[in-house]
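> Only the shape, not the letters, is given here:
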């Protein structure tokens with residue numbers, strides 16, 4: 001039995017299985033999806049990707065960390081925001097119940 005269950009949303013749409021039924025996420029994946037949606041809904045994802053190479057990036061990363069740490073399911077002090085070599089942004093955090101989570105930060109509702 002799962003503690004958390006939610007519809008799987010990808011690119012703003014509910015993900016359907018082969019029978020056209022909605023697919024669900026549980027526990028860690030729900031937390032990761034909620035983190036991404038919070039970052040998108042606050043506009044921080046757009047700021048992060050739009051302000052490449054400026055001093056605003058550091059401020060935006062700090063704002064994302066604080067936003068993610070506000071989630072009661074996330075252990076404070078464990079949130080990291082990192083950019084990979086190909087320019088993709090990721091957020092990493094440890095949850096209280098389910099271990100670590102990671103999610104790609106995009107400007108649309110996409111969970112990796």
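Ah, there it is. The shown structure was predicted, so the numbers you read here are calculated from the model rather than taken from an experiment.
> Scan the helices and strands of this structure for the one with the lowest mean pLDDT.
In the chain, no helix or strand scores lower on mean pLDDT, DSSP states H and E than helix 44-50, which sits at a mean of 84.
> list the helices and strands that helix packs on?
The contact analysis (3 or more CB pairs under 8 Å, 6 or more residues apart in numbering; DSSP states H and E) places helix 44-50 against helix 56-69, strand 89-95, strand 99-105. Using the backbone N, CA and C atoms, a C-beta is placed for each residue, glycine as well.
> So for the longest one, mean pLDDT?
This points to helix 56-69. For helix 56-69, the mean per-residue pLDDT is 91.
> Now do that helix: which elements does it pack against?
Helix 56-69 packs on helix 27-41, helix 44-50, strand 80-83, strand 89-95, going by 3+ CB pairs under 8 Å, 6+ apart.
> related to what we said a few turns ago, of the helices and strands packed on helix 44-50, which is nearest residue 81?
Judged by CB to CB, the one of the helices and strands packed on helix 44-50 that comes nearest to residue 81 is helix 56-69, at 4.3 Å.
> what's in contact with that closest one?
By CB atoms under 8 Å, 6 or more residues apart in numbering, the list of residues contacting helix 56-69 from outside reads 35, 38-39, 42, 44, 47-48, 51, 74, 76-77, 79-81, 91, 93, 105.
> mind redoing it with 6 Å?
35, 38, 39, 44, 47, 48, 51, 74, 76, 79, 81, 93 (CB atoms under 6 Å, 6 or more residues apart in numbering).
> Likewise for stretch 17-36?
Applying CB under 6 Å, 6+ apart, the contact partners of stretch 17-36 are 2-8, 14-15, 68, 73, 95, 98, 101, 103, 111.
> And it, what's buried?
By 16 or more other CB atoms under 10 Å, the buried positions in stretch 17-36 come out as 25, 27, 28, 29, 30, 31, 32, 33, 34, 35, 36.
> For the contacts of stretch 17-36, which entry has the maximal number of neighbours?
Scoring the contacts of stretch 17-36 on neighbours with other CB atoms under 10 Å, the highest-scoring entry is residue 68 at 25 neighbours.
> In space, what's closest to it - neighbours in sequence excluded?
Nearest residue to residue 68 in three dimensions, chain neighbours excluded: residue 79, at 4.6 Å (CB to CB, 6 or more residues apart in numbering).
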